[in-house]
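**Student:** attaching a predicted model along with its sequence, questions to come.
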Amino acid sequence: MYEQKTKENDASVIEFIETVDSPKKREDAYKLLDIFTETTGYPAKMWGTSMIGFGSYHYKYDSGHEGDAMLVGFSPRKAKISLYFATGDDKRGELLEKFGKHTTGKACVYINKVADIDVEVLKALINQSVAFLQKTYPDKGE
(Lines give C-alpha, C1' and ligand atoms only; values in the text may rest on other atoms or scores of the structure.)
Protein backbone atom coordinates (compact mmCIF):
# COMPACT_ATOMS: atom_id res chain seq x y z
CA MET A 1 0.00 0.00 0.00
CA TYR A 2 1.12 3.55 -0.72
CA GLU A 3 2.70 5.35 2.23
CA GLN A 4 2.39 9.13 2.12
CA LYS A 5 5.86 10.70 2.45
CA THR A 6 4.95 14.28 3.28
CA LYS A 7 3.04 14.29 6.54
CA GLU A 8 2.37 16.87 9.20
CA ASN A 9 4.77 16.47 12.11
CA ASP A 10 5.80 18.17 15.36
CA ALA A 11 9.15 19.55 14.19
CA SER A 12 9.72 23.22 15.00
CA VAL A 13 8.89 25.66 12.19
CA ILE A 14 11.17 28.32 13.72
CA GLU A 15 14.09 25.88 14.05
CA PHE A 16 13.60 24.91 10.39
CA ILE A 17 13.56 28.54 9.23
CA GLU A 18 16.73 29.19 11.23
CA THR A 19 18.51 26.50 9.14
CA VAL A 20 17.90 28.45 5.91
CA ASP A 21 21.38 29.48 4.66
CA SER A 22 20.56 32.79 2.97
CA PRO A 23 19.77 35.60 5.45
CA LYS A 24 17.48 37.25 2.84
CA LYS A 25 15.59 33.99 2.23
CA ARG A 26 15.32 33.45 5.99
CA GLU A 27 13.87 36.97 6.36
CA ASP A 28 11.38 36.24 3.56
CA ALA A 29 10.43 32.95 5.25
CA TYR A 30 9.52 34.88 8.41
CA LYS A 31 7.50 37.37 6.33
CA LEU A 32 5.65 34.51 4.66
CA LEU A 33 5.11 32.82 8.03
CA ASP A 34 3.36 35.98 9.27
CA ILE A 35 1.33 36.44 6.07
CA PHE A 36 0.13 32.81 5.90
CA THR A 37 -0.64 32.67 9.65
CA GLU A 38 -2.59 35.94 9.65
CA THR A 39 -4.43 35.12 6.43
CA THR A 40 -5.43 31.54 7.25
CA GLY A 41 -5.80 31.74 11.03
CA TYR A 42 -4.09 28.34 11.23
CA PRO A 43 -0.88 27.66 13.12
CA ALA A 44 2.18 26.80 11.04
CA LYS A 45 3.12 23.11 11.01
CA MET A 46 6.02 21.30 9.42
CA TRP A 47 5.07 18.89 6.63
CA GLY A 48 7.91 16.52 5.89
CA THR A 49 11.34 18.01 6.48
CA SER A 50 11.12 21.23 4.48
CA MET A 51 7.53 22.40 3.94
CA ILE A 52 5.60 24.74 6.22
CA GLY A 53 1.86 24.14 5.97
CA PHE A 54 -1.30 25.78 7.28
CA GLY A 55 -4.47 23.81 7.92
CA SER A 56 -5.14 20.41 6.40
CA TYR A 57 -7.73 18.49 4.44
CA HIS A 58 -8.44 14.85 3.72
CA TYR A 59 -8.62 13.88 0.06
CA LYS A 60 -9.90 10.70 -1.56
CA TYR A 61 -9.55 10.08 -5.28
CA ASP A 62 -11.79 7.91 -7.44
CA SER A 63 -8.88 5.45 -7.61
CA GLY A 64 -9.29 4.89 -3.87
CA HIS A 65 -6.03 6.68 -3.00
CA GLU A 66 -6.50 8.96 -0.03
CA GLY A 67 -4.50 10.98 2.44
CA ASP A 68 -4.06 14.28 4.21
CA ALA A 69 -2.43 17.40 2.81
CA MET A 70 -1.85 21.00 3.85
CA LEU A 71 -4.39 23.56 2.66
CA VAL A 72 -1.62 26.03 1.74
CA GLY A 73 2.04 26.42 2.54
CA PHE A 74 5.53 27.36 1.46
CA SER A 75 9.11 26.18 1.51
CA PRO A 76 12.21 28.39 1.39
CA ARG A 77 14.22 26.21 -1.00
CA LYS A 78 17.79 26.93 -2.08
CA ALA A 79 16.96 28.08 -5.60
CA LYS A 80 13.53 29.66 -5.11
CA ILE A 81 10.74 29.88 -2.58
CA SER A 82 7.97 27.37 -3.32
CA LEU A 83 4.39 28.39 -2.56
CA TYR A 84 1.77 25.66 -2.33
CA PHE A 85 -1.78 26.43 -3.40
CA ALA A 86 -4.70 24.32 -4.64
CA THR A 87 -4.58 23.13 -8.22
CA GLY A 88 -7.66 22.79 -10.40
CA ASP A 89 -9.26 26.13 -9.56
CA ASP A 90 -9.74 28.49 -12.51
CA LYS A 91 -9.48 31.58 -10.28
CA ARG A 92 -5.83 30.76 -9.50
CA GLY A 93 -4.74 31.74 -13.01
CA GLU A 94 -6.58 35.06 -12.83
CA LEU A 95 -4.88 35.94 -9.56
CA LEU A 96 -1.45 34.86 -10.80
CA GLU A 97 -1.71 37.35 -13.67
CA LYS A 98 -1.59 40.13 -11.04
CA PHE A 99 0.82 38.38 -8.67
CA GLY A 100 4.18 39.73 -9.82
CA LYS A 101 7.38 37.96 -10.80
CA HIS A 102 6.92 34.18 -10.50
CA THR A 103 7.01 30.87 -12.34
CA THR A 104 4.66 27.95 -11.96
CA GLY A 105 4.98 24.19 -11.82
CA LYS A 106 2.22 21.61 -11.64
CA ALA A 107 1.27 22.35 -8.05
CA CYS A 108 3.72 25.06 -7.01
CA VAL A 109 4.26 28.72 -7.60
CA TYR A 110 7.90 29.78 -7.37
CA ILE A 111 9.19 33.20 -6.37
CA ASN A 112 12.69 34.56 -5.80
CA LYS A 113 11.73 36.95 -3.02
CA VAL A 114 8.68 38.49 -1.36
CA ALA A 115 9.61 41.93 -2.76
CA ASP A 116 8.86 40.58 -6.28
CA ILE A 117 5.18 39.91 -5.56
CA ASP A 118 2.02 41.74 -4.58
CA VAL A 119 1.32 40.68 -0.97
CA GLU A 120 -2.39 41.50 -1.31
CA VAL A 121 -2.63 39.11 -4.27
CA LEU A 122 -0.75 36.51 -2.19
CA LYS A 123 -3.41 36.85 0.52
CA ALA A 124 -6.13 36.46 -2.12
CA LEU A 125 -4.40 33.31 -3.46
CA ILE A 126 -4.22 31.88 0.06
CA ASN A 127 -7.90 32.61 0.78
CA GLN A 128 -9.04 31.33 -2.60
CA SER A 129 -7.02 28.12 -2.22
CA VAL A 130 -8.33 27.41 1.29
CA ALA A 131 -11.94 28.04 0.23
CA PHE A 132 -11.57 25.88 -2.90
CA LEU A 133 -10.08 22.93 -1.00
CA GLN A 134 -12.60 23.11 1.84
CA LYS A 135 -15.42 23.12 -0.69
CA THR A 136 -13.87 20.32 -2.79
CA TYR A 137 -12.94 18.13 0.20
CA PRO A 138 -15.49 18.91 2.93
CA ASP A 139 -14.66 15.75 4.94
CA LYS A 140 -11.96 17.33 7.05
CA GLY A 141 -11.46 21.05 6.80
CA GLU A 142 -9.36 22.14 9.74
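**Tutor:** Nice, thanks for sending it over. Residues are numbered from 1 along each chain as shown.
**Student:** what's the burial count for S12?
**Tutor:** S12 has 10 neighbours, counted by other CB atoms under 10 Å. From N, CA and C alone the C-beta is placed, and that goes for glycine too.
**Student:** that one and Y137: what is the separation?
**Tutor:** Per CB to CB, to the nearest Å, S12 is found 28 Å from Y137.
**Student:** phi, psi for D90 please.
**Tutor:** Per-residue torsions, D90: phi -60, psi -30 (degrees, to the nearest 10).
**Student:** which ones are touching it?
**Tutor:** Listed by CB atoms under 8 Å, 6 or more residues apart in numbering, D90 has no contact partners.
**Student:** bridging residues for the spatially most central residue of the chain?
**Tutor:** The chain has G73 as the residue nearest its centroid, 1.8 Å off, counting by CA atoms, centre = their mean. Residues in a beta bridge with G73, per DSSP bridges, are G53, Y84.
**Student:** wait, it sits on I52?
**Tutor:** Yes: under the criterion of CB atoms under 8 Å, G73 makes contact with I52 at 5.4 Å.
**Student:** list the residues that contact both of those two?
**Tutor:** F36.
**Student:** beyond whichever strand or helix holds E94, next helix or strand please.
**Tutor:** Secondary structure assignment for E94, by DSSP states H and E: helix 90-97. Downstream of helix 90-97, the first helix or strand assigned by DSSP H and E is strand 103-104.
**Student:** packing partners for that following strand?
**Tutor:** In terms of contacts (3 or more CB pairs under 8 Å, 6 or more residues apart in numbering; DSSP states H and E), strand 103-104 is packed against strand 108-111.
**Student:** measure stretch 101-119 end to end?
**Tutor:** End-to-end distance of stretch 101-119 (CA to CA, to the nearest Å): 12 Å.
**Student:** buried stuff in it?
**Tutor:** Within stretch 101-119, the residues that count as buried by 16 or more other CB atoms under 10 Å are 102, 108-109, 111-112, 114, 117.
**Student:** quick one, grab the pLDDT at the residue nearest to A124 when sequence neighbours are not counted.
**Tutor:** Leaving aside its chain neighbours, A124 sits nearest to L95 (5.5 Å; criterion: CB to CB, 6 or more residues apart in numbering). pLDDT, L95: 94.
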